[in-house]
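> What would the 3D arrangement of this be:
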Amino acid sequence: MEKFKRLPDSELDIMLVIWEAKEPVSRAYIEQQIKKKKKIAATTVLTLLSRLCDKGFVSCEKKGNMNLYTAIVNDQDYKNSESRSIIKKLYGNSLKTFVASFCMDNKISDDQLNELQAFLDQLKERRK
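Reported below is the predicted structural model:
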């Protein structure tokens, strides 16, 4: 599995929009989506897109008078890399400790616990 450098939240916000779109998107589209949640200037979006291109996370293709941006890095690959990094750094590489942190003080509902148990049962079945 490829390890990615952790993105700052501002760049991750851009990537989340691009990943969700599942097709090439313009700067204006990205700006519009982010503005639904917080204020952001067009110049800031352009700067962040430039950084993401430099880091190899997105590609830029000129279509007429507009640039369209496409994810190069797959969202699931990035999430997997980040999850493993967090578990390693913050939980001593212990998945049990990681999961326990969510279960303490009843922060996980019975439905979520049942979902987790069903998922673990499926994993066990696939290993047989």
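> I'd guessed Glu82 sits against Phe4; true?
Yes - the criterion here is C-beta atoms under 8 Å, and Glu82 meets it with Phe4 at 7.5 Å. Every C-beta, even on glycine, is put in place using the N, C-alpha and C of the backbone.
> so after the lowest-mean-pLDDT helix or strand in the chain, what's the next helix or strand?
The weakest-scoring helix or strand in the chain, judged by mean pLDDT, DSSP states H and E, is helix 95-103 (a mean of 84). Using DSSP states H and E, the helix or strand that follows helix 95-103 towards the C-terminus is helix 110-127.
> how far off helix 95-103 does that following helix point, in degrees?
160 degrees (axes from the mean of the first three to the mean of the last three C-alpha atoms, to 10 degrees).
> got the CA coordinates for helix 110-127 in PDB?
Backbone C-alpha positions of helix 110-127 (Å, rounded to 0.1, in the frame of the first residue of the first chain) are rendered in PDB as follows:
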ATOM      1  CA  ASP A 110     -25.600  -0.400  20.000                       C
ATOM      2  CA  ASP A 111     -26.400  -0.200  16.200                       C
ATOM      3  CA  GLN A 112     -22.800   0.800  15.400                       C
ATOM      4  CA  LEU A 113     -21.500  -2.000  17.700                       C
ATOM      5  CA  ASN A 114     -23.700  -4.500  15.900                       C
ATOM      6  CA  GLU A 115     -22.500  -3.300  12.500                       C
ATOM      7  CA  LEU A 116     -18.900  -3.600  13.700                       C
ATOM      8  CA  GLN A 117     -19.500  -7.100  15.000                       C
ATOM      9  CA  ALA A 118     -21.200  -8.200  11.700                       C
ATOM     10  CA  PHE A 119     -18.200  -6.800   9.800                       C
ATOM     11  CA  LEU A 120     -15.800  -8.700  12.000                       C
ATOM     12  CA  ASP A 121     -17.800 -11.900  11.600                       C
ATOM     13  CA  GLN A 122     -17.700 -11.500   7.800                       C
ATOM     14  CA  LEU A 123     -13.900 -11.000   7.900                       C
ATOM     15  CA  LYS A 124     -13.600 -14.300   9.900                       C
ATOM     16  CA  GLU A 125     -15.700 -16.100   7.400                       C
ATOM     17  CA  ARG A 126     -13.600 -15.000   4.500                       C
ATOM     18  CA  ARG A 127     -10.400 -16.200   6.100                       C
END
